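Participant: curious how this folds, go ahead:
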Amino acid sequence: MTETHTLESLVEDVEASTQTFSLVNYDGPDAEKARVVRYFEPQSVDVREGVTDPNLPRNFAVLHDGDEFVAAAAVEDVHRHVAGGVFEGDAFERRDRPTILAHVDDRTFTSYDMRRMLLASHEVERYAWRTGAGELHAGFQRLSTLASQSHIYDELRASGVDVHVYGAPDASVPPGLVEHASESPEIRDSWFVVYRGERRADHRALVAVETGPREFSGFWTYDEDTVDDVLERLDATYPATADSDAAAPGQNGR
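Facilitator: As a prediction, this is how the structure comes out:
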């Protein structure tokens, strides 16, 4: 059998390029600025405050990768996203993520708490839901954790996504999900949401390992090869332990 990278080794191997997030001509509320800055603290992004540029609007945020311009947005829009709740209304009817944040990809992060992990997971889940095809592989350490997320996975299955769930077998899995139960320390210590799209260009993943009580370090990526490495590890190491034939909501038995 070909040896695969462990999830922890994949986290260690991901190297983030240098990105810079600048707050330009900012004269808005200090609390709003502080909330945006705190959002980036655990990530491999250099935040620069107090930047002035007469050619740019006030209260503007600009993202560079090295010397290359990547994206820009109003600070208010960025703050609205990072300060918002995990869900607003229906599971996937949340305001779209600002483009400038979507470009903070292939990032490593440290000290993500549960709220940030849920927010990051939701970005991958929402993309899968909007695509309406492919497979979503989700591991939340223990299968019992899925109980609080059942409405999300109902909507994912209804959209046409095959959902695979991984965790220590401390609870039953809702109908319609493919169960991958395991007592492996790797599964117990990891949190991941990985989307295998029908096109490789749609691949994306969040992968993290628990480094302290409810604190996580890891990465998210749109890099196809990195996502393939994660999926290869899951496919080779954790086979399905149960596969429900129950119809997904709204799929009429499909």
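Participant: quick one: stretch 120-129 to chain centroid distance?
Facilitator: The chain centroid and the centroid of stretch 120-129 are separated by 6 Å under C-alpha atoms, centre = their mean, to the nearest Å.
Participant: mind listing what's buried in it?
Facilitator: Residues 120-129 are the ones in stretch 120-129 that count as buried (16 or more other C-beta atoms under 10 Å). All C-beta atoms are positioned from the backbone trio N, CA, C, and that covers glycine.
Participant: of all these, which two lie farthest apart?
Facilitator: Using C-beta to C-beta, these span at most 15.4 Å, a distance reached by Ala120 and Trp129.
Participant: how about low-confidence regions in the stretch 101-250 of the chain?
Facilitator: 105-108, 110-111, 244-250 (pLDDT under 70).
Participant: could you redo the last one with a cut-off of 80?
Facilitator: Low-confidence segments of the stretch 101-250 of the chain, defined by pLDDT under 80: 102-112, 243-250.
Participant: chain center to the longest helix seen in the chain: distance?
Facilitator: Identified as the longest helix of the chain according to DSSP state H is helix 114-131. Centre-to-centre, helix 114-131 and its host chain are 5 Å apart (C-alpha atoms, centre = their mean).
Participant: now, which of the buried residues of stretch 120-129 sits nearest Gln141?
Facilitator: Closest approach between the buried residues of stretch 120-129 and Gln141, by C-beta to C-beta: Ser121, at 12.3 Å.
Participant: now do the contacts for the closest one.
Facilitator: Neighbouring residues of Ser121 by C-beta atoms under 8 Å, 6 or more residues apart in numbering: 138, 191, 193, 206.
Participant: now name the helix or strand holding Ala34.
Facilitator: In the assignment (DSSP states H and E), Ala34 maps to helix 30-40.
Participant: name every strand pairing with the following helix or strand past that helix and say which way it goes.
Facilitator: Note on helix 30-40: by DSSP H and E, the next helix or strand toward the C-terminus is strand 45-51. Here strand 45-51 has these sheet partners by DSSP bridges: strand 19-24 (parallel).
Participant: angle of the partner strand against helix 30-40?
Facilitator: With axes from the mean of the first three to the mean of the last three C-alpha atoms, to 10 degrees applied, the angle from strand 19-24 to helix 30-40 works out at 180 degrees.
Participant: and for strand 19-24, what's in contact with it?
Facilitator: Residues from elsewhere that reach strand 19-24, judged by C-beta under 8 Å, 6+ apart: 33, 36-37, 40, 44-53, 56, 60-65, 70, 75, 100, 104, 107.
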